[in-house]
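[1] the following block contains a protein sequence and its predicted model.
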Amino acid sequence: MSIRSKTAIAKGDGSFIIDHILLSDPKSDEVLVKIKAAGLCHTDHDSLSWGKPIVMGHEGAGVIEKVGNEIVHLKKGDQVILNWATPCMTCFQCQEGNQHICENNSPVVAGANGHTPGHASLESSQWQGKPIERSFNLGTLSEYALVKESAVVKVEEKDLNFSAASIISCGVMTGYGSVVNSAKVSAGSSVTILGCGGVGLNVIQAARISGAGLIIAVDINGDKLELAKQFGATHTILADKQDKGLEAAAQKVRTLCEGRGSDYAFECTAIPALGAAPLAMIRNAGTAVQVSGIEEEIKIDMRLFEWDKIYINPLYGKCRPQIDFPKLMRLYKKGDLRLDEMITREYCLEDLQLAFDDMLDGKNAKGVIVFD
């Protein structure tokens, strides 16, 4: 029996439409999730130009509608957060603890299969009578999503705020995990954050949660710097667009850090020209982290690496979904992880274009699509 689902579909040519797809019943290891909320990020807008029709959306939370006959730990009515980095738990990287770069299921890691057995059967989603792929094996900008069991994390919480839960599975996890899992920021240390958008704000609050003593936010937008203070920034630097490589901003960072630079610096701008900028912000033997996922060739002055500086480029904050998502939800419930404050506005699916416009105009820290 198939179910009809209202869906945002990227056409591959830079545009999208709101239409309906047909989803079949879950196979043995699949679950059908009724989506309650889906977070938006720049990757969703990028998917408009991936050259093929695709069910959009890779952040989401909802309620299980149906489960496959082999699934024993999930049932109809369970609240879940969807996770796009689905581990197989058997490949080399999963056995090494690197579930976020699974060799069999990752939709982004070069050389990973990404289709079998990683996501729900392609034939299970139909649009205009033809199979259609789901963004990052999920497709959360839809009333329903058919996914593998490994793509959901159960949430045991009454009166769950689905909007807050929906944004955990990408920007929050990437920012928080880059601080806690990848860089392992220590208490009392100094941290610099370049770019105070959604990911940058999560780096800031993760640094606060980790006990960093000095948290320096850098951005060209004064409003974003004011927001950064709310999430834990102790100092702010208003950067100049003409400041090549943020060299002048780096000098201000050094002044705040006794002349030697901060212990850690995180690049969250997604601007290729600033890919090496965190190296200029850190002290000798400090750690620079490229968070935003720049995938372009850039030129780097190798003197920025002197002396003993470390530069890392983690994916998805080294996410272990079944471990990290419950931790994030506990921090949220405790009040340490600020998710409600991050959501600037909620939209219905029909207002997706407005949501994209607001995101691209820098009006939102985070926009969320909500479903009835």
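    Good, I have the coordinates. Numbers count the residues shown, from 1 in each chain.
[2] rest of the way, CA atoms for contacts and neighbours
    Fine.
[3] for the closest residue to residue 306 other than its chain neighbours, give its distance to residue 166.
    Beyond its immediate neighbours in the sequence, the residue positioned closest to residue 306 (Cα to Cα, 6 or more residues apart in numbering) is residue 284, lying 6.7 Å away. With distances taken as Cα to Cα, to the nearest Å, residue 284 is found 38 Å from residue 166.
[4] could you do residue 14 as well?
    Distance, residue 14 to residue 166, by Cα to Cα: 25 Å.
[5] so between those two, which is more surrounded?
    Neighbours per residue, other Cα atoms under 10 Å: of residue 14 and residue 166, the larger number sits with residue 166, 30 against 13.
[6] tell me the pLDDT at the closest residue to residue 167 other than its chain neighbours?
    Taking Cα to Cα, 6+ apart, and ignoring the residues beside it in sequence, residue 167 has residue 39 as its nearest neighbour in space, at 5.0 Å. What the model reports as pLDDT for residue 39 is 96.
[7] contact partners for residue 39?
    57-60, 163, 166-167, 366-369 (Cα atoms under 8 Å, 6 or more residues apart in numbering).
[8] buried members of the residues you listed into ChimeraX, please.
    Typed into ChimeraX, the next command selects the buried ones out of the contacts of residue 39 (criterion: 16 or more other Cα atoms under 10 Å):
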select :57,58,59,60,163,166,167,366,367,368,369
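[9] just the pLDDT for residue 105.
    Residue 105 carries a pLDDT value of 87.
[10] next one: residue 114
    Per-residue pLDDT puts residue 114 at 43.
[11] wait, residue 233 sits on residue 216?
    Yes. Using Cα atoms under 8 Å, residue 233 is in contact with residue 216, at 5.8 Å.
[12] the spatially closest residue to residue 368 that is not a sequence neighbour and residue 141: what is the separation?
    Spatial nearest neighbour of residue 368, chain neighbours left out: residue 39 (4.4 Å); criterion: Cα to Cα, 6+ apart. Counting by Cα to Cα, the separation of residue 39 from residue 141 is 9 Å.
[13] please apply the same query to residue 161.
    Using Cα to Cα, residue 161 is found at 18 Å from residue 141.
[14] compare these two and say which is more crowded by neighbours.
    Comparing residue 161 with residue 141 by other Cα under 10 Å, the one with more neighbours is residue 141, at 32 against 14.
[15] isn't the more buried one right next to residue 8, touching?
    Yes. In terms of Cα under 8 Å, residue 141 counts as a neighbour of residue 8; the distance is 5.7 Å.
[16] list residues touching both of those two?
    Residues touching both residue 141 and residue 8 (Cα under 8 Å, 6+ apart): 55-56, 349.
[17] reformat the residues you listed as JSON lines; add secondary structure and pLDDT.
    JSON lines is the format used below for the shared contacts of residue 141 and residue 8 (DSSP: H, G, I helix; E, B strand; the rest coil; pLDDT from 0 to 100):
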{"residue": "55", "secondary structure": "strand", "pLDDT": "96"}
{"residue": "56", "secondary structure": "coil", "pLDDT": "96"}
{"residue": "349", "secondary structure": "helix", "pLDDT": "97"}
